[in-house]
Every structure is written in structure tokens, then in C-alpha cells.
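Asks: only geometry, no sequence info:
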């Protein structure tokens, strides 16, 4: 059982959703990222998605693209991911890495998985890797006990949902809307229906992401999902401000979201 499994079991036993926060590694700086992920855990994030910045981020909206570009310009590298994962783990949170697949291939699938496990990470979210094309990752993840977190969307057919959840572990990532990441004023009605479709195929926890920006939205989604995923609203706290002010804003927003899932 991974730390991720333990956290999701604990939040379920408490009758609430888990708060899952996202931050690109190396943003706003290498040291700033380490302080930020620790701040997120200490302010109420149960799980942290450590994002690996990529030059062709098809799923990312403008806020996360800006942060990732800043990290890449400062020379962030794959080993920085494992340092951030270790920081989350040391702070008491569960850490998963969210990454496009090409950086994992370049690092080496087995090597990446081994480094992730050694850092205390629980698994990978792979937005552009479908299970049909993930045999190498599935094999090594199962061998090392890492979670294989695949995505489903409102457009996913029942057959595709079933095929995806059949090989997923840790949790199922349910994208609440079609489109890129970014804070929205409403998450949309499709999210609840998608969660219901997923639950018809699996007992795995279902975490909803894309668009959550407020404690009220977190509370709403937490009524029917096992986890609430927040990215852009947290990343935005650290844009265009000095680090100390950014961390204060990040802690405040995390506490708001944490109160939402606990409400």
C-alpha cells in the first residue's frame, strides 16, 4: 500500500474528500518550490501533484504554462522532481508526479519509476498516455508498487472508462470539463455524471480536477468525489510576487480549499 492509498483511505474514513494540490517543480524557483509544496501540505493539502514542466503542454492552460516556462528557463531538470517529491513526503503528504510521457521515456521508464519510489513518491499521473500504449509503465509500476493514474473525461465512452479503470490504481483522475487547465467560475454539471459513470466500473477513489478555484467549489465537488484537484488557483498565488508574499497567499488559498473539502 502506498502513502497515497493510506491518505485516501483515511480521508474516506473521515467522510470527506481529499484535497489534491498541483505545483510545477522548479516554480517559482528550485528552493521556492520546495518551500511551496511544504506550505501546501502544512496548510491542508492531503496529496500534492508535483508537475514536471514540459515544452509542449497540451493540457495546460495559461497560468500553468507561464509557471512551467519560468521553471524551464531557470534550468529545471528531472532530478528536481524527486527532490520535491521527497519534500512532500517529509512534510507528511502523499506525493504523485504529473508528467507528459516524453520526459519519462527520455529518462528511462524503469529508472524514472525507481527514482520516484526511492524519493517516497506514490505514482504517476500521465495525461497523454493511454493504457493501450502504456505496457512498459504498467509493468514496472506494478513491480514497484506505484500507482498508475490514468484520466477519463466527459467524452469518454462507457467502454473506454471501463478499459481505463481496469488498469488504473491509486485513483481515477476525472477531468471535469473538456479543455485545458485553468480556474473557472463553475466546474460544470458533467463532473458529477462522470464520477457516477466511473463508479459503475470500479471501487477506486475518483478525484475531480480542471477548474476548481474556490473553497465553495471544493465543498460542492467533495460531496460526490473522493478527491478535489486544484492546480491553477494555487499556482497563481506565486505568480508576479516575491516568494514570501506568494507563500502567504498560497497558504491562505490552501486553507480555504481545505476548509471546503472538510465542510
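Replies: Happy to help now that I have it. Since the structure is predicted, the reported quantities are computational estimates derived from the model, not experimental observations.

Asks: Distance-wise, check residue 17 relative to residue 32.
Replies: 28 Å (C-beta to C-beta, to the nearest Å). The C-beta positions use only the backbone N, C-alpha and C, and glycine is treated the same way.

Asks: Of these two, which one has the most company?
Replies: residue 17 (28 against 20; other C-beta atoms under 10 Å).

Asks: can you pull the contacts of that one?
Replies: Residues in contact with residue 17 (C-beta atoms under 8 Å, 6 or more residues apart in numbering) are 11, 207, 218, 221, 222, 225, 226, 227, 228, 261.

Asks: So which of these belong to helices?
Replies: 11, 218, 221, 222, 261 (DSSP state H).

Asks: Of those residues, which is the nearest to residue 128?
Replies: Closest approach to residue 128 among the ones in helices among the contacts of residue 17 (C-beta to C-beta): residue 221, at 24.0 Å.

Asks: Can you convert the contacts of residue 17 into JSON lines and add a column each for pLDDT, neighbour count and distance to residue 90?
Replies: Below are these laid out as JSON lines (pLDDT from 0 to 100; neighbours: other C-beta atoms under 10 Å; distance: C-beta to C-beta, whole Å):
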{"residue": "11", "pLDDT": "98", "neighbour count": "21", "distance to residue 90": "20"}
{"residue": "207", "pLDDT": "97", "neighbour count": "26", "distance to residue 90": "23"}
{"residue": "218", "pLDDT": "96", "neighbour count": "27", "distance to residue 90": "25"}
{"residue": "221", "pLDDT": "95", "neighbour count": "27", "distance to residue 90": "29"}
{"residue": "222", "pLDDT": "96", "neighbour count": "23", "distance to residue 90": "27"}
{"residue": "225", "pLDDT": "97", "neighbour count": "28", "distance to residue 90": "28"}
{"residue": "226", "pLDDT": "98", "neighbour count": "22", "distance to residue 90": "25"}
{"residue": "227", "pLDDT": "98", "neighbour count": "27", "distance to residue 90": "22"}
{"residue": "228", "pLDDT": "97", "neighbour count": "28", "distance to residue 90": "24"}
{"residue": "261", "pLDDT": "97", "neighbour count": "26", "distance to residue 90": "23"}
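
Asks: quick one: the helices in the stretch 101-250 of the chain?
Replies: Assigned by DSSP state H, counting those that start in this stretch, the stretch 101-250 of the chain shows helices spanning 101-107, 109-118, 135-144, 158-167, 190-199, 215-222, 232-235, 243-262.

Asks: ok and the fourth one relative to helix 135-144, angle-wise?
Replies: Here the directions of helix 158-167 and helix 135-144 differ by 40 degrees (axes from the mean of the first three to the mean of the last three C-alpha atoms, to 10 degrees).

Asks: residues of helix 158-167 that come out buried?
Replies: For helix 158-167, a neighbour-count test (16 or more other C-beta atoms under 10 Å) marks 161, 162, 163, 164, 165, 167 as buried.
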